[in-house]
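> generate a structure from the sequence data that follows.
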Amino acid sequence: MSWVHEIARPDIVALKPYEHASWEPSLERLHANELPWRPAQDDSHAGLNRYPEPQPRALVEGLAELYSVASDSVLVGRGSDEAIDLLTRAFCRAGRDAVLVCPPTFGMYSVCARIQGAEVLQTPLLAADGFALDEQAVIERCAAGVKLIFLCSPNNPTGNLLEEAAIPRIAQRLAGRALVVLDEAYVEFAARPSLARLVAKLPNLAILRTLSKAHGLAGARCGTLIADPQIIALLRKIIPPYAIPQLTLEAVLARLTPAARAESRARLDVLLAERARLLRALPGLSRITRVWPSDANFVLAEFTDAGAALARAREARLLVRDARGYPGLGRALRITVGTPEQNGRLLEAWG
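Okay, here's the model as predicted:
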């Protein structure tokens, strides 16, 4: 039995997946109970009257090339959220297994675990050390029932990178026992490359990537799980058969062209310059008591009166994220880096 089958839910390992309609585009389709005519104003390439290809080959291969990994290590879903949910359902038995999270961090890890009926254990980041990862505490907290460890780097909402060397060390210590899931939704904004290159050597390390941030496709809902092919094969059993809508497929393929990727890089340069501008300007405002460093496309700041700051931003027709519900961030707001005009308007509102 493989190591994946040893730690995954036995009922998922034994599950016979749904058999979707076969995908043979060279033949005319009378096998999937679709309407044979396109709707009016349907200008999609393949036609919205047809089911899309399950795990579209062109998309899988395009994302594998984008992330410099093997295509059999790629699963495509509706944003990173779907991959988080699939991992939790595949590895955690309700009432028996647990996930480990490191707050303050992205809330969907805990939400998916609780929906599944898994316990949520916590090892807080070290606020006094700039929200550093407590590596030893993570390892010590991982008892037999912990199946997934979710780490976010750069972390949301704090914006900092976790220590790079600690992540493979944790995976090595937990090999054969648990899966370390590293969420790299914001890695394009950091000065460090993705750790996806380590997946081939560390089969219990999985990486989450998304096109929602740096590639401007939040509305398309397209995320990628990069993991050992055995994990990908297991999750393909439980992902919905037509998970990627046709319009998403076409939008994403268009953004993977060399010209579109060059545009994304150019916009990234502008955003990084604007992030630097905010990091310089915000500490000088009297209403702000602290600004944390950021390796993401947002900045976390602490205010004398966060509620008043939210109201002033709204008066300037701007929304920022209230971060006061996160542990240890009782006076903090998270500011997404906007256009130069938007950032200037926000600074003026808080000036």
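> return the alpha-carbon coordinates of the lowest-mean-pLDDT helix or strand in the chain using CSV.
None of the helices or strands of the chain scores lower by mean pLDDT, DSSP states H and E than helix 3-7, at a mean of 91. Output of helix 3-7 as CSV, limited to C-alpha atoms (Å, rounded to 0.1, in the frame of the first residue of the first chain):
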residue,chain,number,x,y,z
TRP,A,3,2.0,6.1,1.8
VAL,A,4,-0.9,8.2,0.4
HIS,A,5,-3.3,5.3,1.0
GLU,A,6,-2.0,4.9,4.5
ILE,A,7,-2.9,8.4,5.6
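> helix/strand/coil for Leu249?
Local secondary structure at Leu249 is given as helix here, using DSSP: H, G, I helix; E, B strand; the rest coil.
> hmm, it is touching Arg57, no?
No - when contacts are counted by Cβ atoms under 8 Å, Leu249 is not listed as touching Arg57 (10.6 Å). Yep, even glycine has a C-beta here, placed from its N, CA and C like the rest.
> give me the more crowded residue out of these two.
Leu249 (21 against 11; other Cβ atoms under 10 Å).
> which residues of the stretch 251-351 of the chain fall in helices?
Using DSSP state H, counting those that start in this stretch, the helices of the stretch 251-351 of the chain run over residues 258-281, 306-315, 340-350.
> how far does the second one sit from its chain's centre?
Its chain's average C-alpha position is 28 Å from that of helix 306-315, according to Cα atoms, centre = their mean, to the nearest Å.
> pretty sure Phe150 is in a strand, no?
Yes - counting by three-state DSSP, Phe150 is part of a strand.
> wouldn't it be in contact with Gly107 here?
No - using Cβ under 8 Å, Phe150 is not in contact with Gly107, being 10.7 Å away.
> looking at the two, which one has more neighbours?
Phe150 (26 against 14).
> who's in contact with that one?
Ile84, Val99, Leu100, Val101, Cys102, Thr105, Phe106, Tyr109, Val181, Asp183 (Cβ atoms under 8 Å, 6 or more residues apart in numbering).
> Ile139 is in contact with the third one, correct?
No - with contact defined as Cβ under 8 Å, Leu100 and Ile139 do not form a contacting pair (10.0 Å).
> the two: who's more crowded?
Set side by side, Leu100 and Ile139 show more neighbours around Leu100, with 26 against 16, by other Cβ under 10 Å.
> does that one count as helix, strand or coil?
Assigned state for Leu100: strand (three-state reduction, three-state DSSP).
> bridging residues for it?
Beta-bridge pairing for Leu100 (DSSP bridges): Leu121, Ile149.
> how close does the nearest residue to Leu333 once chain neighbours are set aside get to Val4?
Among residues not flanking Leu333 along the chain, Val320 sits closest, at 5.1 Å (Cβ to Cβ, 6 or more residues apart in numbering). Going from Val320 to Val4 by Cβ to Cβ, to the nearest Å gives 41 Å.
> show me where this structure has its strands.
Counting by DSSP state E, the chain has strands at residues 74-77, 98-101, 119-122, 146-152, 179-183, 205-210, 223-226, 288-291, 298-303, 321-322, 332-336.
> can I get those in CSV with mean pLDDT and distance to Lys237?
As requested, those are exported to CSV (pLDDT from 0 to 100; distance: least, Cβ to Cβ, whole Å):
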stretch, mean pLDDT, distance to Lys237
strand 74-77, 98, 11
strand 98-101, 98, 20
strand 119-122, 97, 24
strand 146-152, 98, 17
strand 179-183, 98, 16
strand 205-210, 98, 16
strand 223-226, 98, 14
strand 288-291, 98, 46
strand 298-303, 98, 36
strand 321-322, 98, 36
strand 332-336, 98, 36
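> distance to Ala254 for those - can I get that in a markdown table?
Shown next, in a markdown table, are those (distance: least, Cβ to Cβ, whole Å):
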| stretch | distance to Ala254 |
| --- | --- |
| strand 74-77 | 16 |
| strand 98-101 | 35 |
| strand 119-122 | 39 |
| strand 146-152 | 29 |
| strand 179-183 | 26 |
| strand 205-210 | 17 |
| strand 223-226 | 17 |
| strand 288-291 | 37 |
| strand 298-303 | 26 |
| strand 321-322 | 30 |
| strand 332-336 | 24 |
